[in-house]
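**Q** prediction below, plus the sequence it came from.
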Amino acid sequence: MPIVVVIAFFQLLVLRVPVPELGKIFAGALLVLFGLSLFVQGLKMALFPLGEDMAYSFVKRGNLWLLLLFAFTLGFGTTVAEPALIAIADEAATIAAGGGVIMNNQEAMDNYALGLRLVVALAVGFALLVGVIRILKGWPVQYLIIGGYIGVVVITAFAPPEIIGIAYDSGGVTTSTVTVPLVAALGIGLANSIRGRDPLVDGFGLIAFASLTPMIFVMAYGIII
Amino acid sequence: MMEALIHFGHTTLGLLRDVLPIAGILVGFQVLVLRRPIHNPVSVFIGMVFVLLGLAMFLEGLELALFPLGRLMAQQLTLPSFIFGITDGPIPAFSWTDYMWVYFFAAAIGFATTVAEPALIAVAIKANQVSGGTVTVNGLRLAVAVGVALGVALGTFRIVTGTPLHWYIVVGYIVVIIQTMVAPRAIIPLAYDSGGVTTSTVTVPLVAALGLGLAETIPGRSALLDGFGLIAFASLFPMITVMAYAQISALLTKRAHQDFVEPEE
C-alpha cells in the first residue's frame, strides 16, 4: 500500500515522531486490501454487466425519449443523495451566510444548501443527457468539452468570488464510486450496440461531462442568488 | 471488537443509503419501462452485495488506520512550529520555499491515494477491455496518479502564495486544449473522464484536510476562500498527464518502429 509508505516516511523521517498503534494500521491495511478485491469482483459481476445490459435494451427498444429520461434520472438521482455533495453544500451555505449573500440564520442556510444540491444534481442529469445524445450522434467529445471550458471561463468572470472555489470543487465530487462504473458501462454499452461507434472513442466521456456542467451551474446559481 | 463491529454496521448502512437510489432507478427502468427481466439476477445481486461490503470494508480500513494519521500529519506539517522551528511568538515573514515539505507531502499523498481509488480501478479495467489491451490498467492508474500528485502540489503552492484559483485553472484548460489538438484521438475521451474519477472516496477527505489545514495556519489566508480548490486541481491535471502518457507511448512506438525499419534500407 503506497499510502502506508508515504505516511511512514513522513512520520519517521520528516516529523520524527514514532508511528502510533502499528497493529491497528496493519489491520486497517488488510481490510483495505480485502475490501478492494471484493469491490472489483462485485464490479465485474454486477455493475458492469448491468450497465451494458441496460444500454443494449434501450437501443433495442429504439425509444430515444426513454433512454434520455433514464440518463437524466440516473444522473439526478445518484447526485442528489451523494454524501460528499451534501457536505460541500453545507460548507458553501456557511460561507454564503458569512459573506452576507443570504440571511445568517439556519433556515436560509438550509434552503441555500438544498438549492445548491438540486442545482448540482440537475447539472449532472443534464450532463448525462447531453453525453448520451453525443454518443448517439457520434460528435467528437473535445468540441463539447472545450465549449464547456469556455463557458466556465466566461461565467467565472461574472461569478461572486466566494463561490468560485466551491463551484470548481463541486465538479470533482459529484461522481461517486458506485456511479462511475455504472455510467462508464452504460456509455461503452451504448457505443458497442450502435453501428459505427468505437467504444474507446465514443463510449468514454460521460464522466467528463458530469464533472464539467456542475461548475457552470453552480456559478450561475451564485450569480442569481 | 464490539465497537468496531457497530461502526462497521454504520458505514455499511451509510453506503446502503448511497446505493439504494441507484438500485431503485435501475430496477424501476428495467422492470417497469423496459419490461425485461434482469439477466442472471442471482449473480447481479451477489455482485451488488460484494460491491457494498467491499466498499464498506475498504472505507472502514482507511478510517481505522490511515485517515486519522493522514489528517494529523497534514496538520503537523503545516504547523508554524514545524516550518519555522518556533513554538510561540509571531510568525516571521515567510516565502513559499519554507513550505517545501508541504508540497512534497501533497504530491506523495495525492499519488498514493489516487493509486488506491476504487472508481479509477473500475474505469481502468473498462478501458483495458475496450482498447484491446493497448491501455494497461496500471499504466492508466500511474498516469492519473502522477497527474493528481502534480495537481495537489501546485494547489498547495497556490494556497501558500494566495494567488487566485481561476488563473491556474484557465492556464490548465489552455494546456488541455492544445494537447487535445495533438494527442492521439482515441485517448481523448478517456483522458477527460479520468479527470472526474480521480477524486472520490479516498482522495477527497485527505486532500481537503490538507487544504483546510494549510489555509488555516498560513497568515492572511481564509479557510473559506483559499481552502477550496485543491480538488479542482486534482481533477484537471490527470487530463494533461493521461494525454501526455498517450503521446509519449505513441512517440516511443513510432521510434521503435523506425529503428526496426532502418536496417532494411
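**A** All right, it came through fine.

**Q** give the contact list for residue B:239.
**A** Residue B:239 sits next to B:147, B:176, B:179, B:191, B:192, B:194, B:195 when contact means CB atoms under 8 Å, 6 or more residues apart in numbering or on different chains. To be clear about C-beta, it is placed using only N, CA and C from the backbone, and glycine gets the same treatment.

**Q** roughly how far out does the host helix or strand of it sit from the chain middle?
**A** In the assignment (DSSP states H and E), residue B:239 maps to helix B:230-261. Remark: helix B:230-261 is offset 18 Å from the chain centroid, using CA atoms, centre = their mean, to the nearest Å.

**Q** ok, stretch A:74-92 next?
**A** Averaging C-alpha positions (CA atoms, centre = their mean) puts stretch A:74-92 9 Å from its chain's average.

**Q** in it, which residues are buried?
**A** A:74-82, A:84-85, A:88-89, A:91-92 (16 or more other CB atoms under 10 Å in any protein chain shown).

**Q** domain parsing for chain B?
**A** Following automatic domain parsing, one finds the domains of chain B at B:1-65, B:79-264.

**Q** tell me which of those domains sits most buried.
**A** Mean neighbour count (mean count of other CB atoms under 10 Å in any protein chain shown) peaks for domain B:79-264 among the domains of chain B, with a mean of 20.

**Q** I'd like the mean pLDDT over it, please.
**A** Averaging pLDDT along domain B:79-264 yields 78.

**Q** ok, now stretch B:48-58?
**A** The model assigns stretch B:48-58 a mean pLDDT of 84.

**Q** is that stretch anywhere near chain A?
**A** Yes - counting by CB under 8 Å from any CB of the partner chain, chain A has neighbours in stretch B:48-58: B:48, B:49, B:50, B:51, B:52, B:53, B:54, B:55, B:56, B:57, B:58.

**Q** one step back: and the contacts of residue B:239, which is closest to residue A:43?
**A** Closest approach to residue A:43 among those (CB to CB): residue B:194, at 16.9 Å.

**Q** where's the spatially closest residue to residue B:46 that is not a sequence neighbour relative to residue A:74, distance?
**A** Nearest-residue entry for residue B:46: residue A:45, 6.3 Å, with adjacent residues in sequence omitted and distances by CB to CB, 6 or more residues apart in numbering or on different chains. Distance from residue A:45 to residue A:74, counting by CB to CB, to the nearest Å: 20 Å.

**Q** packing partners for the helix or strand in which residue B:215 is found?
**A** If you go by DSSP H and E, residue B:215 is part of helix B:203-217. Counting contacts by 3 or more CB pairs under 8 Å, 6 or more residues apart in numbering or on different chains; DSSP states H and E, helix B:203-217 packs against helix B:67-78, helix B:100-115, helix B:137-161, helix B:223-226, helix B:230-261.

**Q** quick one: closest of those to residue A:189.
**A** Among the helices and strands packed on helix B:203-217, helix B:137-161 sits nearest to residue A:189 (CB to CB), with 19.9 Å.

**Q** what angle separates that closest one from helix B:100-115?
**A** In terms of direction (axes from the mean of the first three to the mean of the last three CA atoms, to 10 degrees), helix B:137-161 departs from helix B:100-115 by 150 degrees.

**Q** what's the next secondary structure element after helix B:137-161?
**A** Next element after helix B:137-161 (DSSP H and E): helix B:165-182.

**Q** that following helix vs chain A: in contact?
**A** Yes - using CB under 8 Å from any CB, helix B:165-182 reaches chain A at B:165, B:166, B:169, B:170, B:173, B:176, B:177, B:180.

**Q** angle of that helix against helix B:137-161?
**A** Going by the same axes, to 10 degrees, helix B:165-182 makes 150 degrees with helix B:137-161.

**Q** just how off-centre is helix B:165-182 within its chain?
**A** Distance of helix B:165-182 from its chain centroid, counting by CA atoms, centre = their mean, is 19 Å.

**Q** by how many degrees do the helix or strand following it and helix B:230-261 diverge?
**A** Downstream of helix B:165-182, the first helix or strand assigned by DSSP H and E is helix B:188-197. With the same axes, to 10 degrees as the basis, helix B:188-197 and helix B:230-261 are set at 150 degrees to each other.

**Q** identify the residues contacting helix B:188-197?
**A** With contact meaning CB under 8 Å, 6+ apart, helix B:188-197 is reached by A:140-142, A:145, A:171-172, A:175, A:180, A:184, A:200-208, A:210-211, B:117, B:119-120, B:122-123, B:127, B:135, B:140, B:143-144, B:147, B:180, B:183, B:235-236, B:238-239, B:242-243, B:246.

**Q** could you list every residue that touches the nearest residue to residue B:236 once chain neighbours are set aside?
**A** In space, and not counting its chain neighbours, residue B:236 is closest to residue B:172: 4.5 Å by CB to CB, 6+ apart. Contacts for residue B:172 (CB under 8 Å, 6+ apart) come out as B:233, B:236, B:237, B:240.
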